[in-house]
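J.: Sequence and computational prediction follow.
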Amino acid sequence: MERKIGGKKVRLVKGDITELAVDAIVNAANAQLVLGGGVAGAIRKKGGPSIQEECNQIGGTTVGNAVVTGAGNLKAKYVIHAVGPRFGEGDEDNKLKSATFNSLKRATEKECKSVAFPAISTGIFGFPKDRCARIMLTTIKEFFEREQTSLNEVILCLYAEEDLKIFEEAMEEIFK
């Protein structure tokens, strides 16, 4: 599924984010920037040790923020490590919005044309997927409407069919 905002594309795809040939992929990171399981584990495994080494040099960041490393052996040029909230920690909606917005800003700073996101915070952090979809899609739409950016395409890459359907429903609602 795809929608356009002022000539820029927002696409939903089912698949493995580490296989996408985009300028940057977003990692659903923790504040310590330790590449453990889930999306981060797949990035570590396929991207090689240089990504974790760069994360170690950065040393960590705050919830809602995003930092950039190289992408090692991945097809992408960069990995943007976005720290989403743990469900139940308080002010989660704003923190997820910030993580999404800051990822788009980092991609713009690196003059990326394309960036791919997973469903941030919906894995081990327990964030509800439908809420995540609405927040992320609204933030992307507002970013394209209000910000100067090099980005032409934002992809939301969902691993499971169920997640794709949730994001498709949210996209229908937000991009009327």
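T.: Thanks, I have the structure now.

J.: Setting aside sequence neighbours, what's the nearest residue to the residue nearest the centre of the chain?
T.: Nearest to the geometric centre of the chain sits Phe117, at 3.0 Å (C-alpha atoms, centre = their mean). Distances taken as C-beta to C-beta, 6 or more residues apart in numbering put Val26 closest to Phe117, at 4.5 Å, once the chain neighbours are dropped. Glycine gets a C-beta too; all of them are placed from N, C-alpha and C.

J.: got the contact list for that neighbour?
T.: Counting by C-beta atoms under 8 Å, 6 or more residues apart in numbering, Val26 makes contact with 17, 66, 79-82, 103, 115-118, 120.

J.: and if you look at Gly41?
T.: Contacts of Gly41 by C-beta under 8 Å, 6+ apart are Leu35.

J.: which SS class is it?
T.: State at Gly41, reduced to three classes by DSSP: H, G, I helix; E, B strand; the rest coil: helix.

J.: quick revisit: wait, the residue nearest to the centre of the chain touches Phe101, no?
T.: No - using C-beta atoms under 8 Å, Phe117 makes no contact with Phe101, being 11.7 Å away.

J.: which residues of the chain fall in strands?
T.: Assigned by DSSP state E, the chain shows strands spanning 2-5, 8-14, 24-29, 66-70, 78-83, 114-117, 153-158.

J.: ok, residues contacting the last one?
T.: When you say that, I think you mean strand 153-158. By C-beta under 8 Å, 6+ apart, the residues outside strand 153-158 that reach it are 8-17, 20, 22, 25, 104, 113-119, 136-137, 140, 144, 164, 167.
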